[in-house]
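Novice: A structural model of the following input is requested.
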Amino acid sequence: MAQDVLVTQSLTDPMIEAGAKLIERLDATDSDVRSAFWLYSSDTQTWKLVIASPLVDEKGPRDYYKRIIDANMLASTEEQTLSINDVRVVGTKHHMHQLLASAFGDTPSVFGRRLTGNTINGVFIEDAHLYRSTP
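Specialist: Predicted structure coming up:
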């Protein structure tokens with residue numbers, strides 16, 4: 001059985017890999033991931049994998065969290081997965097999705113891009129690791 005990755009104050013390679021694998025599994029189940037990124041909050045000193053999808057707008061977050069749980073069940077026994085507590089789902093109207101889509105929407109790929117101490121349209125991003133950002 002797959003084991004959950006320990007999410008720490010530092011973004012680790014296992015966290016990045018587990019996030020990428022989750023996105024792959026969600027893509028395989030037509031989950032319409034528009035934005036996906038790790039976001040650090042200094043207030044809570046935690047990282048959250050943020051996933052934006054229009055399905056959250058249409059069906060609500062509970063339905064999408066179920067998709068994540070189901071996607072984690074598809075993981076091979078060798079894969080590490082993320083706890084549902086380490087993931088935050090948002091709709092496409094969420095400010096961070098819209099901010100990143102406006103900044104990177106025309107970029108062919110943002111996979112692996114790191115934003116540390118950056119400001120986009122007046123919004124300070126303490127730290128983030130991007131997988132995808134499409135309008």
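Novice: buried set for the longest strand along the chain?
Specialist: What stands out as the longest strand in the chain, according to DSSP state E, is strand 123-133. By 16 or more other C-beta atoms under 10 Å, the buried positions in strand 123-133 come out as 125, 127, 128, 129, 130, 131, 132, 133. Placement of C-beta: from N, CA and C, glycine included.
Novice: which one among those gets closest to residue 109?
Specialist: Nearest to residue 109 among the buried residues of strand 123-133: residue 132, at 8.1 Å, using C-beta to C-beta.
Novice: burial check on the residue nearest to that closest one when sequence neighbours are not counted, number of neighbours?
Specialist: Leaving aside its sequence neighbours, residue 132 sits nearest to residue 36 (C-beta to C-beta, 6 or more residues apart in numbering; 4.8 Å). By other C-beta atoms under 10 Å, 27 other residues sit near residue 36.
Novice: adjacent strands (with direction) for the helix or strand residue 36 falls within?
Specialist: Residue 36 is part of strand 35-41, with elements assigned from DSSP states H and E. Here strand 35-41 has these sheet partners by DSSP bridges: strand 46-52 (antiparallel), strand 123-133 (antiparallel).
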